[in-house]
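# Sequence first, then the predicted structure:
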Amino acid sequence: MQSIHAIAAALLMGGGLAAQAADRDASFHPGELLTSNAEYREAWQDLVRDEQRLPEWLMNLSGLSTPMQAVEAVEAESDRFLVGQVCEAHNCFNQRVYVAFEWEDDDAYALYVQVPDGLPEDRAPSEHASLRWLGDPDEEVRELLEEQLRSDPNWY
């Protein structure tokens, strides 16, 4: 009964899919947000519309992905986001994107990370990668997405 009240409250706060993704038993992936929720799809389309030279897997979030997680921004406790990672199939180390959707479905942001092919093992990916911000995130969102990148055990 308590979980029914929690779900009802979450529905009122930010939409059904966001509420389900916040549930620890849910495992929605970024691409599923685009196919099942019009607000998230519109936010993502607004983000990629003005960007140039993005690969198809990134534009559609159709690569390999991790489940989305509900995360509060570092600076402001009231700002909540759904975050996740998508990478190009068969090339996750070199081509990946970290995405953040505002809890209220208004905006989407991303950090596109490209590591050069053939990087020797003794070279740190963090020193050779190119980082591209999508969606003009503010400092708070940048920190949130950079934290997602730093949590990757292959990022040093």
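Received, thanks. Numbers count the residues shown, from 1 in each chain.

# so Pro30 sits right up against Leu61, yeah?
Yes. With contact defined as C-beta atoms under 8 Å, Pro30 and Leu61 form a contacting pair (4.3 Å). Backbone N, C-alpha and C define where each C-beta goes, glycine included.

# Could you pull out the residues contacting both of these two?
For the pair Pro30 and Leu61, residues contacting each of them under the criterion C-beta atoms under 8 Å, 6 or more residues apart in numbering are Val86, Val99.

# Which one's more surrounded, the two?
Taking other C-beta atoms under 10 Å, Pro30 and Leu61 do not tie; Pro30 has more neighbours (27 against 24).

# how close does Asn91 sit to Trp57?
Separation of Asn91 from Trp57 (C-beta to C-beta, to the nearest Å) stands at 9 Å.

# Now the one helix or strand Tyr40 maps to: buried residues?
Taking DSSP states H and E as the criterion, Tyr40 maps to helix 38-49. Across helix 38-49, burial judged by 16 or more other C-beta atoms under 10 Å covers Glu39, Tyr40, Arg41, Ala43, Trp44, Leu47, Val48.

# tell me the contacts of the most centrally placed residue in the chain?
The central residue of the chain, meaning the one whose C-alpha is nearest the mean C-alpha position (C-alpha atoms, centre = their mean), is Val99 at 1.9 Å. The contact partners of Val99, taken as C-beta under 8 Å, 6+ apart, are Pro30, Trp44, Leu61, Val83, Gly84, Gln85, Val86, Ala108, Tyr109, Ala110.

# can you give me the angle the helix or strand where the fifth one lies makes with helix 38-49?
What it means is Gly84. Using DSSP H and E, the secondary-structure element containing Gly84 is strand 80-87. In this structure, strand 80-87 runs at an angle of 60 degrees to helix 38-49, with axes from the mean of the first three to the mean of the last three C-alpha atoms, to 10 degrees as the basis.

# Having no further points to raise, I will conclude here.
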